[in-house]
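1. Generate coordinates for the sequence data below:
(chains A and B)
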Amino acid sequence: MKHLLTIRNLEIEARADEQWKPIVRNITLTLDRGEVLGLIGESGAGKSTIGLAAMGYTRTGCRIAGGSVLFNGTELTTASKEERRKLRGAHIAYMAQSAAAAFNPAHRLIHQFAEAPVQHGLSDFPRARDKAVALYERLFLPEPGKIGYRYPHEVSGGQLQRAMVAMSMACDPDIIIFDEPTTALDVTTQIEVLTAIREVTRQGNAGAIYITHDLAVVAQLADRIMVLRYGELIEEGNARELLADPKQEYTRELLSSRIIGKPQTQSEDKCYTVLEAENISAGYTKDVTVLDNISFQIERGKTVAVVGESGSGKTTVARVLTGLLPPSDGKIIFNGKEISPALKHRDRESLRRLQMIYQMPDVALNPRHKVRKILGRPLSFYFGTDAKARERRILELLEMIELGPEYMGRYPSELSGGEKQRICIARALAARPDVIICDEVTSALDQLVARGILKLLRELQKELGVSYLFITHDLATVKAVADEIIVMLQGKIVERGPKEDILETPGHEYTELLLSSVPETDPDWLDRLLKGRGAKIHKMHEIS
Amino acid sequence: MNNISSMIAKRMGLGFATIIVISVLIFLGVEALPGDLAEAILGQQATPETVEAFRKELKLDLPPHVRYFSWLGDFLRGDFGNSLANGRPIAGLIGWRLSNTLFLAASTAVVAVPLAILLGMLAALYRDTWFDRLVSVSTLSAVSLPEFFVAYVLIAVLSVRLGLFPSISSISDEMSLGEKIHGIMLPCLTLTLVSLAHIMRMTRATIINVLNSPFIEMARLKGIRQSRIIIRHAFPNALSPIINVVVLNLAYLVVGVVVVEVVFVYPGLGQLLVDSVSKRDIPVVQASGLIFACTYVFLNLLADVLAIIANPRLRSET
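-> Prediction:
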């Protein structure tokens, strides 16, 4: 039987330090029309590389070292540049992970949609435009007739991602490669895009490769799943079978990393409020209020999770508490005393006892400082520790974050993502704070790595009694770390309470929406959800 | 559109303030000249009576800030005073010379700018090929050689040997446009060679930089031809730095072409300025200096506005 796409024994190498190193090893896969193949793995597994290789494309610094990629009778590894160019966009289309980066900021959406069909000679502009409008409508984009005439920066992230889905279908390709299309989206928007992708692939006659690291998401769409790690195939099989009964250890690990919960902490301390926000209102410009009358408390040794989607104001809460954005109204009370709203007026002790860890460890660490200097700075700044004592303390800190002493002399570029985030945690701990604000600290990390970080944070809390304000959009993280949950929507707190109460019996409509939007690894989850929501789907579009 | 108008108004205000500051600096510069001005100008004829009379005429007996404001006031009203060399009103003198300089600058720009941008785009398209290297080497050589050297070489070859163009570009108002262009061919060619490298290299570098963007990869994955990618995808995003370097070169073409004007005996403003300095014709020097400053400020304003208009994101924000 002739498959639409057959990849056999594919080997891809990447150039590092004057040498070619293999990054994809011996991959074999097939794809037929109407079939959805899920490629799962963590970062560095080679999923995108394989996806791009299916188009006969390799990024700069990579090359196909062996194997064959046979698309519809054409061998792409030996085809000429021109032959491959003609296939791309027209017969094999690619949908990038970040729509914001993949759209040209200088051109309107509609022109970028129509470019591929017109340039490949498949259509003219008026017909392409009509097709765009029809697709935008099927994807539930607002004002489908007009939105195409906007520039990329004039539409929201979710809308842009859907515009990208539409653009990949412009030429009615035989194969579409979806590269992590919903990773950058909020859970509620993710549902819409998933629904849209599923609908369009089922109706059309195309084959699809769906690349993601999120098992729950791929469970909703894929007929078959391939699990990848370090460029090699770990396991493959029918989606339902694989999810119900994974054979390989690694697959089981990936599946199980979604089920963690925080044990109920029995605190011996009396409930002592470490940090309190009282009626905080804030905004970046005079007329737009980003935070509206926010009040909450953080107790010693407990974790308060602030959940919300993009635009809810949760990062702004962090900026207000740290003094980076003075609020227009309200007070911040730290350890019983009111502290100054602006950073520059605060005394060193207040600064020391409130620390922050950021979302992206790559940009939070000075790339030209070694770990010794990064961890040494808070010690000398807050405590004036001398060099010898600093050495000792840094070793202690490294032990706390489960890294060996050899890390002292390393630069951030020599560390992995998870290791960098651990250094950021150690840096925060070096100041011996009372409260640490964790701003989406695991969002940029792989699932398994994130699990390790959350475990570490929990242990440190038990040991040191430090409190966390955990800002996140991921409900699985919340389940793992929180004692109390605050749900934010458009600058207001819509619900607040102990974790179990909120998760089991959500009071507010939005909380319910949020909780139900988190994908589960049950392949029928999306169908059930959509049936249950029915007409409510259209209401969701107004939010995003 | 309202936002752009208010932005232009703000920039013009700043530009005006800049010109005022420059006028002070020019004035102070002239004040700082050593020796007594009147004596220096009169030279041999400096008898006590003539010096006294001359000082009265130059209003040198008034304190500096009074002189400054009266000079500035006159300038803003269009009264540039009279030349010391020949007593004629400066406005007319400068006016004609300025229009000549602008004519030469415009003619050069019309040729040099599109050519340089085209070469830059081609060099980016065929990066690291022999074409790219050839273009880089030749434009860099042209810009490394002193302008008068390039000018004399061109004269030697094109004028003396081949007799194609005149070696002296004295144009006058009676000539037709065609004759004028024929007359300025050689200075035009010289200036083109001199300004090519800067614009071409900036275009090439900016486009190569933009070619690393993710949306360029996306265009490739849509199967778009490389030439279209460079022209329709890369170039519009590269406009801002290219506009800046083009405008800087335009400013140079107005203000910095003294050497070329002297070599070709072209009646431009640069030559006038040089002559006036050697003749100590102070009013002319001050007026020309200030006009050059205004040209720079205006061209920079133009660059800012064009750069903002070229970027859709800034267009809707401002």
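
2. and chain B, which of its residues are near chain A?
-> B:213-215, B:217-225, B:228, B:232-233, B:236-237, B:311-313, B:316 (C-beta under 8 Å from any C-beta of the partner chain). Yep, even glycine has a C-beta here, placed from its N, CA and C like the rest.

3. Mark which of these are part of strands, please.
-> Using DSSP state E, the subset of the residues of chain B next to chain A located in strands is empty.

4. Derive a ChimeraX selection command for the buried subset of the residues you listed.
-> Selection of buried members from the residues of chain B next to chain A for ChimeraX, criterion 16 or more other C-beta atoms under 10 Å in any protein chain shown:
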select /B:213,215,217,218,219,220,221,222,223,224,232,233,236,237,311,312
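
5. In helices only, show me the residues of chain B next to chain A.
-> B:214-215, B:217-221, B:228, B:236-237, B:312-313, B:316 (DSSP state H).

6. With distance to residue A:473 and pLDDT as new columns, can those residues be given to me in CSV?
-> Output for those, formatted as CSV (distance: C-beta to C-beta, whole Å; pLDDT from 0 to 100):
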residue, distance to residue A:473, pLDDT
B:214, 23, 87
B:215, 26, 92
B:217, 28, 91
B:218, 26, 93
B:219, 31, 94
B:220, 32, 93
B:221, 29, 93
B:228, 39, 91
B:236, 34, 88
B:237, 31, 89
B:312, 29, 72
B:313, 26, 70
B:316, 28, 61
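
7. can these go into TSV with extra columns for distance to residue A:31?
-> Compiled in TSV, these are given as follows (distance: C-beta to C-beta, whole Å):
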residue	distance to residue A:31
B:214	25
B:215	27
B:217	22
B:218	22
B:219	25
B:220	22
B:221	18
B:228	30
B:236	36
B:237	35
B:312	38
B:313	38
B:316	42
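
8. Enumerate the beta-bridge partners assigned to residue A:38.
-> Beta bridges link residue A:38 to residue A:210, residue A:225, judged by DSSP bridges.

9. Quick one: list the elements packing against the biggest helix by length in chain B.
-> Counting by DSSP H, the longest helix found in chain B is helix B:90-125. Applying 3 or more C-beta pairs under 8 Å, 6 or more residues apart in numbering or on different chains; DSSP states H and E, we find helix B:90-125 packed against helix B:130-144, helix B:177-210, helix B:235-255, helix B:269-278, helix B:282-310.

10. Which other helices and strands does the longest one contact?
-> What it means is helix B:177-210. Judged by 3+ C-beta pairs under 8 Å, 6+ apart, helix B:177-210 is in contact with helix B:90-125, helix B:130-144, helix B:147-154, helix B:235-255, helix B:258-263.

11. just checking, residue B:101 touches residue B:273?
-> No - with contact defined as C-beta atoms under 8 Å, residue B:101 does not count as touching residue B:273 (10.1 Å).

12. So if I had to pick from those two, which one is more boxed in?
-> Neighbours around residue B:101 and residue B:273, counted as other C-beta atoms under 10 Å in any protein chain shown, are more numerous at residue B:101. The numbers are 27 against 22.

13. ok, for the more buried one, nearest residue in space, not its chain neighbours?
-> In this structure, residue B:101 finds its nearest non-sequential neighbour in residue B:268, 3.9 Å apart by C-beta to C-beta, 6 or more residues apart in numbering or on different chains.

14. Check the gap between that neighbour and residue B:102 for me.
-> 9 Å (C-beta to C-beta, to the nearest Å).

15. With neighbour numbers in mind, choose between these two.
-> Neighbour count, other C-beta under 10 Å: between residue B:268 and residue B:102, residue B:268 has more, with 28 against 15.

16. so what's that one up against?
-> When contacts are counted by C-beta atoms under 8 Å, 6 or more residues apart in numbering or on different chains, residue B:268 touches B:97, B:100, B:101, B:104, B:257, B:261.

17. And the furthest pair within the residues you listed?
-> Pairwise distances across the contacts of residue B:268 peak at 12.3 Å for B:97 and B:257 (criterion: C-beta to C-beta).

18. Same drill for these two, tell me which one is more crowded.
-> Using other C-beta under 10 Å, the more surrounded residue of residue B:97 and residue B:257 is residue B:257, with 27 against 22.

19. Now do the same contact list for the closest residue to the more buried one other than its chain neighbours.
-> Of all residues not flanking residue B:257 in the chain, residue B:270 sits nearest, at 5.6 Å (C-beta to C-beta, 6+ apart). Residue B:270 makes contact with B:101, B:255, B:256, B:257, B:258, B:261, B:262, according to C-beta under 8 Å, 6+ apart.

20. any idea how far residue A:391 is from residue B:270?
-> 66 Å.

21. Same check on residue A:23?
-> For residue A:23 relative to residue A:391 (C-beta to C-beta), the value is 39 Å.

22. These two - which one has more neighbours?
-> Counted by other C-beta under 10 Å, residue A:23 and residue A:391 do not tie: residue A:23 has more neighbours, with 19 against 16.

23. isn't the more buried one right up against residue A:10?
-> No - contact criterion C-beta under 8 Å: residue A:23 and residue A:10 do not qualify, at 10.9 Å.

24. for chain B, what are the nearby residues on chain A?
-> With C-beta under 8 Å from any C-beta as the criterion, chain A comes near chain B at residues A:52, A:55, A:57, A:59, A:85-90, A:93-94, A:96, A:98, A:101-107, A:115-116, A:119-120, A:151, A:153-154.

25. Mind checking which of those residues land in helices?
-> Checked against DSSP H, these include these in helices: A:52, A:85, A:86, A:87, A:101, A:102, A:115, A:116, A:119.

26. Which members of those residues are the farthest-apart pair?
-> Pairwise over those, using C-beta to C-beta, the maximum falls at A:86 and A:101, 25.2 Å.

27. Low-confidence stretches in chain B?
-> In the predicted model of chain B, residues B:1-2, B:34-41, B:43-46, B:58-59, B:85, B:314-318 satisfy pLDDT under 70.

28. rerun that using 50 as the cut-off
-> Residues of chain B that meet the criterion pLDDT under 50 lie in B:318.

29. Mind checking what secondary structure residue A:294 has?
-> strand (DSSP: H, G, I helix; E, B strand; the rest coil).

30. Specify the local secondary structure of the residue lying closest to it once chain neighbours are set aside.
-> Leaving aside its chain neighbours, residue A:294 sits nearest to residue A:280 (4.5 Å; criterion: C-beta to C-beta, 6+ apart). Look at residue A:280: counting by three-state DSSP, its state is strand.

31. and residue A:280, how many neighbours?
-> By other C-beta under 10 Å, neighbour count at residue A:280 equals 22.

32. thought it was touching residue A:293?
-> Yes - at 7.4 Å, residue A:280 and residue A:293 qualify as touching, with contact defined as C-beta under 8 Å.

33. what touches both of the two?
-> With contacts taken as C-beta under 8 Å, 6+ apart, residue A:280 and residue A:293 have A:329, A:330 as neighbours in common.

34. Please save the CA atoms from stretch B:125-132 in CSV.
-> Taking Å, rounded to 0.1, in the frame of the first residue of the first chain, the C-alpha atoms of stretch B:125-132 are listed here in CSV:
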residue,chain,number,x,y,z
LEU,B,125,20.9,37.5,-2.0
TYR,B,126,24.2,36.2,-3.3
ARG,B,127,26.0,36.4,0.0
ASP,B,128,29.6,35.1,0.1
THR,B,129,29.7,34.5,-3.7
TRP,B,130,32.2,36.1,-5.9
PHE,B,131,29.6,38.8,-6.8
ASP,B,132,29.2,39.7,-3.2
